[in-house]
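Novice: below: sequence and its predicted model.
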Amino acid sequence: MSVPNQDHPEARPPFVAASERRASPEDPPLAPGQRVGFAVIGLGRLSLDSILPALASCKLCKLAAVMTGDKEKGRRIAAQYGVLADAVYAYDEWDKLAHNADVQAVYIVTPNGMHHEQVIQAARIGKHVLCEKPLSNTSAEALEMVEACADAGVKLMVAYRLQYEPHNRDVAKMVRSGEFGKLKIIEAHNGQVQDDASQWRHEAKLAGGGSLPDIGLYCLNFARFVTGEEPVEVMAWVWSTPGDVRFTEIEENVAWQMRFPSGVVGRFSAAYDAHESRHARLHFQTATVKLDPAFSYKGIRLYVNHRSAAREDVEVSEERVSEEKNQFGAEMDHMAECVLTGRTPGTPGEEGLQDQRIMEAIYRSAAENRPIMLEPISGPDAFRDARLSDK
């Protein structure tokens, strides 16, 4: 679907031979006055280090306002990006934001426990919503957010950046196409060592949980995305180091298994006090595919091991290379495209709601020490529009 007022790429001859890897020409940016204006809600580390810099390079959207708990900081940051001081709002100034016609959408980048109220406020004032993951602290809250946006006629998208990342999309295509036969087993791990300093991720009210909703969610959503299936059974274990004050309110580690309708079985884990490692491995009938790193903001790499077609005693190891894109820029431009064209986001609120329901089943399984059966969901990509043919 074409974006209104966006020009086609300029025609130009290739500068490398046909034997070389040629990059496809990219669509040019919209004129600044035609781009979707975003208000970034929350000016923490993720906004300052990743989202605001990415917005500066987006083609379909722009930074139009910020909302923060520290307006002095907000005015300082706004000035750095050419945003006027009167487009800096406090968290209780949603009604003022409503009158800013330059803002069509908000990107909520606050602690998880604040998402519910802020999404509902944004919907109330008629702004489209891009919300960081996890969508909320509970499935009940997530459902209210989905319904509030639907009732208000605004779009709700969850910021699952990796569903717009080329290497992750390539893996999904491998699974769907049967390039290496049927997928049998998925393994994924996401781990890091949490700092000792006090932070909101260690508070249950603001975080909603520990390693599972923060970094384990990447493993969960990855498995659902690449298979296009919804799990029918989970079994999980949760544990924390006794006496570690970081994990007084939230869990340190979680490991779980999921079974999918096709017979695929997944093994996943997330850790808050283990050396940083973010990888995924997929075992097909005729190949093993590895993403390492799999869930990082940049530098994702994709490897394939398979038997040589010429000699059965030769194992081939290859790297599949895709042009790296700014993951935050890609997801924001996708949201802007949806606002401009009326398309449903590829990762709508329902996608986040489903992850919330599965995470609750994971916690329940660990608490009761037994497998939990999930409601069967028929059809591929039941809660998303994967759009794997899109660029």
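Specialist: Received the coordinates, thanks.

Novice: can you give me the neighbour number for Met174?
Specialist: 20 (other C-beta atoms under 10 Å). The way it works is simple: take the backbone N, C-alpha and C, and place the C-beta from them, glycine included.

Novice: report the beta-bridge partners for the residue lying closest to Ala366 once chain neighbours are set aside.
Specialist: Nearest non-adjacent residue to Ala366, counting by C-beta to C-beta, 6 or more residues apart in numbering: Val238, 3.9 Å away. Taking DSSP bridges as the rule, Val238 bridges to Val254.

Novice: return the set of buried residues in the longest helix belonging to the chain.
Specialist: Determined from DSSP state H, the single longest helix within the chain is helix 349-368. Residues of helix 349-368 classed as buried by neighbour count (16 or more other C-beta atoms under 10 Å): 349-359, 361-363, 365-366.

Novice: need the residues that contact the helix or strand just after it.
Specialist: For helix 349-368, the following helix or strand on the C-terminal side (DSSP states H and E) is strand 372-373. Residues from elsewhere that reach strand 372-373 (C-beta atoms under 8 Å, 6 or more residues apart in numbering): Val232, Glu233, Val234, Met235, Ala361, Ile362, Arg364, Ser365.

Novice: of those residues, closest to His279?
Specialist: The shortest approach to His279 among these belongs to Ile362, at 19.9 Å (C-beta to C-beta).

Novice: now do the closest one against Glu375, distance only.
Specialist: Separation of Ile362 from Glu375 (C-beta to C-beta, to the nearest Å): 15 Å.

Novice: of the contacts of strand 372-373, which is the nearest to Asp292?
Specialist: Ile362 (23.9 Å).

Novice: check what pLDDT that closest one gets.
Specialist: For Ile362, the model assigns a pLDDT of 98.

Novice: now it. Nearest residue, chain neighbours left out?
Specialist: Nearest non-adjacent residue to Ile362, counting by C-beta to C-beta, 6+ apart: Ala236, 4.3 Å away.

Novice: what of Glu276?
Specialist: Closest residue to Glu276 apart from its sequence neighbours, by C-beta to C-beta, 6+ apart: Gln192 at 4.7 Å.

Novice: for that neighbour, what are its contacts?
Specialist: Ile215, Ala271, Tyr272, Ala274, Glu276.

Novice: quick check: beta-bridge partners of the second one?
Specialist: Put plainly, it is Ala271. Beta-bridge partners of Ala271, as defined by DSSP bridges: Gly191, Asn253.

Novice: and it, how close does it get to Pro111?
Specialist: Taken as C-beta to C-beta, the span from Ala271 to Pro111 is 21 Å.

Novice: quick one on the thing from earlier: the contacts of Gln192, buried ones only, as a PyMOL selection?
Specialist: The buried residues among the contacts of Gln192 can be selected in PyMOL (16+ other C-beta under 10 Å) with this line:
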select buried, resi 215+271+272+274
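
Novice: just the closest of the contacts of strand 372-373 to Ala382, please.
Specialist: Looking across the contacts of strand 372-373 and measuring by C-beta to C-beta, the closest to Ala382 is Val232, at 12.5 Å.

Novice: give me phi/psi at Ser317?
Specialist: phi -120, psi 120 (degrees, to the nearest 10).

Novice: dig out what it forms beta bridges with.
Specialist: Beta-bridge partners, per DSSP bridges, of Ser317: Asn305.

Novice: and it, what pLDDT?
Specialist: In this prediction Ser317 is given a pLDDT of 95.

Novice: for it, what are its contacts?
Specialist: Tyr303, Val304, Asn305.

Novice: buried among these? Make that a ChimeraX selection.
Specialist: Selection of buried members from the contacts of Ser317 for ChimeraX, criterion 16+ other C-beta under 10 Å:
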select :304
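
Novice: next, the contact list for the closest residue to Leu353 other than its chain neighbours, please.
Specialist: In this structure, Leu353 finds its nearest non-sequential neighbour in Ala142, 4.2 Å apart by C-beta to C-beta, 6+ apart. By C-beta under 8 Å, 6+ apart, the contact list for Ala142 reads Leu135, Ser136, Gly349, Gly352, Leu353, Gln356.

Novice: could you dump those residues into a markdown table and include pLDDT and distance to Gly42?
Specialist: Formatted as a markdown table, the contacts of Ala142 follow (pLDDT from 0 to 100; distance: C-beta to C-beta, whole Å):
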| residue | pLDDT | distance to Gly42 |
| --- | --- | --- |
| Leu135 | 98 | 15 |
| Ser136 | 98 | 15 |
| Gly349 | 98 | 18 |
| Gly352 | 98 | 17 |
| Leu353 | 98 | 21 |
| Gln356 | 98 | 20 |
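
Novice: out of these, which is nearest to Ala98?
Specialist: Ala98 has its nearest neighbour among the contacts of Ala142 in Gly349, at 20.7 Å by C-beta to C-beta.

Novice: any idea how far that closest one lies from Val232?
Specialist: 23 Å.

Novice: kindly report the same for Thr68.
Specialist: Applying C-beta to C-beta, the value for Thr68 to Val232 is 43 Å.

Novice: and these two? Which one has more around it.
Specialist: The neighbour count for Thr68 versus Val232, taken as other C-beta under 10 Å, is higher for Thr68 (22 against 14).

Novice: ok, that one - contacts?
Specialist: Gly42, Leu43, Gly74, Ile77, Val88, Tyr89, Ala90, Tyr91.

Novice: so which of those residues belong to strands?
Specialist: Val88, Tyr89, Ala90 (DSSP state E).

Novice: contacting residues around Pro261?
Specialist: Pro261 sits next to Glu229, Glu230, Val232, Pro376 when contact means C-beta under 8 Å, 6+ apart.

Novice: actually Ala367, sorry about that
Specialist: Contacts for Ala367 were tallied using C-beta under 8 Å, 6+ apart; they are Val238.

Novice: all strands for the stretch 51-200 of the chain, in order.
Specialist: 61-68, 88-90, 105-108, 128-131, 156-158, 183-193 (DSSP state E, counting those that start in this stretch).

Novice: picking up where we left off before, save the contacts of strand 372-373 as JSON lines, and put in distance to Pro166 too.
Specialist: Putting the contacts of strand 372-373 into JSON lines (distance: C-beta to C-beta, whole Å) gives the following:
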{"residue": "Val232", "distance to Pro166": "30"}
{"residue": "Glu233", "distance to Pro166": "31"}
{"residue": "Val234", "distance to Pro166": "29"}
{"residue": "Met235", "distance to Pro166": "33"}
{"residue": "Ala361", "distance to Pro166": "31"}
{"residue": "Ile362", "distance to Pro166": "29"}
{"residue": "Arg364", "distance to Pro166": "36"}
{"residue": "Ser365", "distance to Pro166": "34"}
